[in-house]
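Colleague: sequence below, structure please.
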Amino acid sequence: MAPKNRDDNFMDVDSDSDISLLGDIDHRGKGKAKGKATDKRKKEKGKAKAKEQAYTWEASYTRSWDTVQEDEAGSLQGAVEDLMARGRRRRLLAPAAAIRRTIIRHLVLLLDLSAAMMDRDMRPTRFDLMLQYAREFVVEWFDQNPLGQIGVVGMRAGIGERIGEMSGNPQDVLKCLSDRTRLEPTGEPSLQNAIEMARSSMSHLPTHSSREILIIFGSLTTCDPGNIHDTLDACVKNKIRISVVALAAEMKITRDLCDKTGGQFGVAMNEGHFKDILFELVPPPAQRAVARAGGPGTNPAADLMMMGFPTRLPDSSPPSLCACHSDMKSEGFLCPRCMAKVCDVPTDCDICGLMIVSSPHLARSYHHLFPVKPYEAVTELREGGSEPVAACHACARIFSTSASTAAASEGISPWGRYRCPDCRNDFCTECDVFVHDVIHCCPGCGK
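Modeller: Numbering: from 1, shown residues only. From the prediction side, this is the model:
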């Protein structure tokens, strides 16, 4: 019996090709029955390959046109509304349990101002899109965290450049982000220099406030003067949380910065995804549990801190120098301890160091600690034989009587109705989002 040649060995491994199949029949001479059996194995093997996915990214492109279905009239409007409703409800289905969060936040925004930010893979450029989203992020961040402060640091030409000082006034932060010519990208970024500058600006902060660094990074290189892992160890020691939003690809050092400090990491796939992962950092992070001295390890410590509520000076008051900028102005706030004048609140008094806040800011910060319970999606209109309410309890908008194609298992109501679990009132989709994102209080029960 003649030994098999190299072609026969390859045919035993893969018999999907017609040429290999014919060659196998000619060389071995097994007849038509062997050919039919090989053909049957070929079909079964092809079906098995069709079922399994070789790469995970192929699953997102498999029959993507099936996600959009036409209604009875042949319109796609209902499918588009369902997709929008899923996006609005996704962030509202988070667990509503009370989580200990830090309401006094200090964030340093690190912007990549290197030459890589001039790429046009995101329109118009990475740089312009980053500035636009950074301004929107600052407005939303201060709205959700009125007791927080933000500083801005840029990375370009191998150094870290301080763009804006730590401030609790959103107008000051937006002003430093509005001058595009001052932020023109050039050179290479330096993660170590920028993180060291941000870390030094937060070294004086008290322990009851959070220390966070948000890096928007678009380059694939970093030009560091020393060992960046030493800087990472110093951030872990100082309990600084680092989060990174990458615009190009994932780098190991950026992933290590987030994993070891407890931050979040994400790579933006497009403009919309860039905004989504950036705005996920607006809510305050959950505070790490700290064991009470002499107590059980599961009981976190509750520290008391001193705050002062200032006296606001009217515009008609005589002009005087402020303690923060040494500017002559009439309006301002007086520190209740040392009677020094400051321009804006919340801030720390430059004379006595007392934290000065206003009572509305303090009240608005509590909604993160006691969130509104997520509304339940109404899947059946009749409950207990009673007629359903025809209009939204908040805006009096008439509900639709025709069911959509949305799946109730995804938290979407086919009729666009969402019910409060406490007061049992129905609300429309827009009011549901408005209650949980803006007013943080149910109009029906006041909770």
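Colleague: which residues in this structure form helices?
Modeller: Assigned by DSSP state H, the helices in the chain fall at 6-13, 18-28, 31-51, 77-90, 126-144, 170-178, 191-201, 228-237, 252-261, 271-279, 359-364, 429-434.
Colleague: isn't residue 422 up against residue 374?
Modeller: No: using C-beta atoms under 8 Å, residue 422 is not in contact with residue 374; the gap is 11.7 Å. (C-beta placed from N, C-alpha, C; glycine too.)
Colleague: give me the more crowded residue out of the two.
Modeller: residue 374 (19 against 13; other C-beta atoms under 10 Å).
Colleague: give me the pLDDT for that one.
Modeller: On the pLDDT scale, residue 374 is placed at 84.
Colleague: what about it, distance to residue 418?
Modeller: 9 Å (C-beta to C-beta, to the nearest Å).
Colleague: what of residue 427?
Modeller: 5 Å.
Colleague: okay, and the common contacts of the two?
Modeller: Residues touching both residue 427 and residue 418 (C-beta atoms under 8 Å, 6 or more residues apart in numbering) are residue 375.
Colleague: just the mean pLDDT for stretch 343-354, thanks.
Modeller: Mean predicted confidence for stretch 343-354 is 86.
Colleague: likewise stretch 395-409?
Modeller: Here the average pLDDT along stretch 395-409 is 70.
Colleague: now stretch 137-151
Modeller: 90.
Colleague: report pLDDT for the most centrally placed residue in the chain.
Modeller: For the chain, the residue nearest the mean C-alpha position is residue 280 (1.8 Å; C-alpha atoms, centre = their mean). What the model reports for residue 280 is a pLDDT of 89.
Colleague: before we move on, what about residue 118?
Modeller: On pLDDT, residue 118 comes in at 93.
Colleague: who's in contact with it?
Modeller: Residues in contact with residue 118 (C-beta under 8 Å, 6+ apart) are 125, 126, 127, 185.
Colleague: for residue 171, see how far away it is.
Modeller: Counting by C-beta to C-beta - residue 118 and residue 171 are separated by 28 Å.
Colleague: now do residue 437
Modeller: In terms of C-beta to C-beta, residue 437 sits 23 Å off from residue 171.
Colleague: higher neighbour count, those two?
Modeller: residue 437 (15 against 10).
Colleague: which stretches in the stretch 201-350 of the chain count as strands?
Modeller: Ranges of strands within the stretch 201-350 of the chain are 210-217, 240-246, 265-267, 307-308, 311-313, 320-321, 328-329, 332-334, 341-342, 347-348, based on DSSP state E, counting those that start in this stretch.
Colleague: weakest of the ones you listed by average pLDDT?
Modeller: Confidence, taken as mean pLDDT, is least for strand 347-348 of those (a mean of 83).
Colleague: any chance you could list what contacts that strand?
Modeller: 149, 168, 324, 354, 355, 356.
Colleague: from these, which two are the most distant?
Modeller: 149 and 354 (15.3 Å; C-beta to C-beta).
Colleague: and these two? which has more neighbours close in?
Modeller: residue 149 (24 against 18).
Colleague: what are the phi and psi values at the closest residue to that one other than its chain neighbours?
Modeller: Leaving aside its sequence neighbours, residue 149 sits nearest to residue 168 (C-beta to C-beta, 6 or more residues apart in numbering; 4.5 Å). Note on residue 168: backbone dihedrals following degrees, to the nearest 10 are phi -100, psi 0.
Colleague: quick one: contacts for residue 168?
Modeller: Shown in contact with residue 168 (C-beta under 8 Å, 6+ apart): 147, 148, 149, 344, 345, 346, 347.
Colleague: mind putting the residues you listed into CSV with distance to residue 237?
Modeller: Formatted as CSV, the contacts of residue 168 follow (distance: C-beta to C-beta, whole Å):
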residue, distance to residue 237
147, 25
148, 23
149, 22
344, 32
345, 31
346, 27
347, 27
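Colleague: and the nearest residue to residue 364 once chain neighbours are set aside, backbone torsions?
Modeller: Leaving aside its sequence neighbours, residue 364 sits nearest to residue 146 (C-beta to C-beta, 6+ apart; 5.1 Å). Dihedral angles of residue 146 (phi, psi; degrees, to the nearest 10) stand at phi -70, psi -20.
Colleague: right, and residue 146 touches residue 344 too?
Modeller: No: using C-beta under 8 Å, residue 146 is not in contact with residue 344, being 11.8 Å away.
Colleague: any idea how far residue 331 lies from residue 341?
Modeller: For residue 331 relative to residue 341 (C-beta to C-beta), the value is 10 Å.
Colleague: okay, residue 372 and residue 417: tell me how far apart.
Modeller: Following C-beta to C-beta, the distance that separates residue 372 from residue 417 is 17 Å.
Colleague: whoops, residue 347 was the one
Modeller: Distance from residue 347 to residue 417, by C-beta to C-beta: 45 Å.
Colleague: how does the chain divide into domains?
Modeller: 98-279, 307-364, 372-447 (automatic domain parsing).
Colleague: right, and these - which one's nearest residue 285?
Modeller: domain 98-279 (6.4 Å).
Colleague: so how far is the closest one from its chain's centroid?
Modeller: 13 Å (C-alpha atoms, centre = their mean, to the nearest Å).
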